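[1] Provided below for reference: sequence and predicted model.
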Amino acid sequence: MDSKKSVAILGGGNIGLAIAKGLETSRLYPPENIYITRRHVDQLDEFKDKGFKITGDNELAVKNSEVIIIAVQPKQLEELLAEISDAVNKDKHILISIVSGAGIKMIKKIIGKNVPIVRAMPNTAIAIQESMTCLSAETKTDSSLKVARKIFDSVGKTMIIDEELMVPATALCACGIAFFLRAVRAASQGGIEIGFHSDEAIFMAAQTALGAASLLVKTKSHPESEVDKVTTPRGITISGLNQMEHNGFSSAMIKGITTSAEKAQLLYKKE
Ligand SMILES: NC(=O)c1ccc[n+]([C@@H]2O[C@H](COP(=O)([O-])OP(=O)(O)OC[C@H]3O[C@@H](n4cnc5c(N)ncnc54)[C@H](OP(=O)(O)O)[C@@H]3O)[C@@H](O)[C@H]2O)c1
């Protein structure tokens, strides 16, 4: 990436700041080329001290950047878009919206210009370059997708999907972080009951979860073929696993994901 180019993150909250940290560590953009905005700018002193450009002026951030990442909550989106629409230049800017449920057509309509727009759905592991980010544009050949992919490839893994699947992607990948974290916490609670201190149990459970996920990502094998390798006939693993299934383990995860997807679908009904 041209180090003279700048990115503006409009909405320095949980995910906006995670993106800022990820981009800084990836060295794709130095902090002085990253604008972060929010209304309560006093909350961003830590980032100001690190050299990021902090401002409450969204228009200023847009005017001084080429890539605009919109990271406000759905209910804050329209006001923000109205605020920046005059400063947006269709020949200079690429807008990347990570706002759950907000469609490309709707964003374009409010901006009132034919600016390239990409929808992105990262997760908070972006702060440590381990995000699963889904991307979509109006067509899969949009050149703006290339720019967005370069940014998000530097902070994790990316997949280009149809726009209609962006809401389901929110449930599986963005909410998914919480689902897997809760699974690790549950495993650690089991670990405490069988004899480990809390900090030991969380570390052991988290590293085991990391190992399981890495087996799938690195070898591209199917989860069940890895399960087969650790379940011997009449063995201890299959007994524990079946006990979890009798209590609805897989079913709970599936129902949680479908419930989150249904709720995400209702977030933005204005198109
Ligand atoms: N959290 C996740 O894991 C995640 C993952 C993927 C996508 N998302 C999406 O990302 C968006 C943000 O989520 P979040 O969890 O980061 O929410 P959040 O922590 O509430 O962050 C939103 C930020 O936007 C700022 N803001 C609000 N209005 C603004 C304006 N007019 N100009 C500039 N900044 C403004 C708020 O700060 P002030 O009140 O100080 O302005 C706040 O810091 C949501 O649409 C969500 O669907 C979240």
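    On my side now, so go ahead.
[2] Please report phi then psi for whatever residue of the chain ends up closest to the ligand.
    Taking CB to the nearest ligand atom, the ligand has its nearest neighbour within the chain at residue 13, 1.8 Å off. Where C-beta positions appear, they are placed from N, C-alpha and C, glycine not excepted. Backbone geometry at residue 13, expressed as degrees, to the nearest 10, gives phi -100, psi -150.
[3] Pull up the gap between it and residue 186, please.
    Going from residue 13 to residue 186 by CB to CB, to the nearest Å gives 27 Å.
[4] hang on, the earlier thing: the residue of the chain closest to the ligand contacts residue 38, correct?
    Yes: shown here, residue 13 and residue 38 form a contact pair, counting by CB atoms under 8 Å, at 6.9 Å.
[5] Give me the pLDDT for residue 142.
    pLDDT, residue 142: 81.
[6] what sits against it?
    116, 118 (CB atoms under 8 Å, 6 or more residues apart in numbering).
[7] at 10 Å what do you get?
    By CB atoms under 10 Å, 6 or more residues apart in numbering, the residues touching residue 142 are 94, 104, 116, 117, 118, 135, 136, 148, 160.
[8] ok, now residue 205?
    Per CB under 10 Å, 6+ apart, neighbours of residue 205: 183, 184, 185, 186, 187, 188, 189, 190, 191, 196.
[9] Weed out the non-buried ones from those.
    The neighbour-count criterion (16 or more other CB atoms under 10 Å) marks 184, 187, 188, 191, 196 among the contacts of residue 205 as buried.
[10] right, and the pair among those with maximum separation?
    Farthest-apart pair in the buried ones among the contacts of residue 205 is 184 and 196; separation 13.6 Å (CB to CB).
[11] Using the record's domain definitions, break the protein down for me.
    Domain segmentation of the chain under automatic domain parsing yields 7-161, 176-265.
[12] correct me, but residue 30 touches residue 24?
    Yes: counting by CB atoms under 10 Å, residue 30 sits close enough to residue 24 to count as a contact (7.6 Å).
[13] overlap in contacts of those two?
    51, 52.
[14] any idea which helix or strand carries residue 157?
    Here residue 157 is covered by strand 156-160, with elements defined by DSSP states H and E.
[15] Show me what from the stretch 1-150 of the chain comes close to the ligand.
    Within the stretch 1-150 of the chain, the positions adjacent to the ligand are 10-16, 37-40, 58, 71-74, 76, 79-80, 98-100, 121-124 by CB under 6 Å from any ligand atom.
[16] same thing but 5 Å
    Residues of the stretch 1-150 of the chain found near the ligand (CB under 5 Å from any ligand atom) are 11, 13-15, 37-40, 71-73, 76, 80, 98-100, 124.
[17] just the buried members of those?
    Using 16+ other CB under 10 Å as the burial test, those include 11, 15, 37, 38, 71, 72, 76, 80, 98, 99, 100, 124 as buried.
[18] and stretch 78-92, average pLDDT?
    Summarised as a single mean, pLDDT over stretch 78-92 is 96.
[19] Give the buried residues for it.
    78, 80, 81, 84, 87, 88.
[20] Need the distance between the two termini of that stretch.
    End-to-end distance for stretch 78-92: 22 Å, by CA to CA, to the nearest Å.
[21] Residues touching it, excluding its own?
    With contacts defined as CB under 10 Å, 6+ apart, stretch 78-92 is touched by 8, 10-11, 37, 57-66, 68, 70-73, 93, 95, 97, 99, 102, 106-116, 268, 270.
[22] ok so, going back, biggest separation within the buried ones among the residues of the stretch 1-150 of the chain next to the ligand, which pair?
    So, those by CB to CB: farthest apart are 80 and 124, at 20.9 Å.
[23] could you pull out the helices for the stretch 1-150 of the chain?
    Along the stretch 1-150 of the chain, counting by DSSP state H, counting those that start in this stretch, helices occupy 14-26, 45-49, 58-63, 74-84, 104-111, 143-153.
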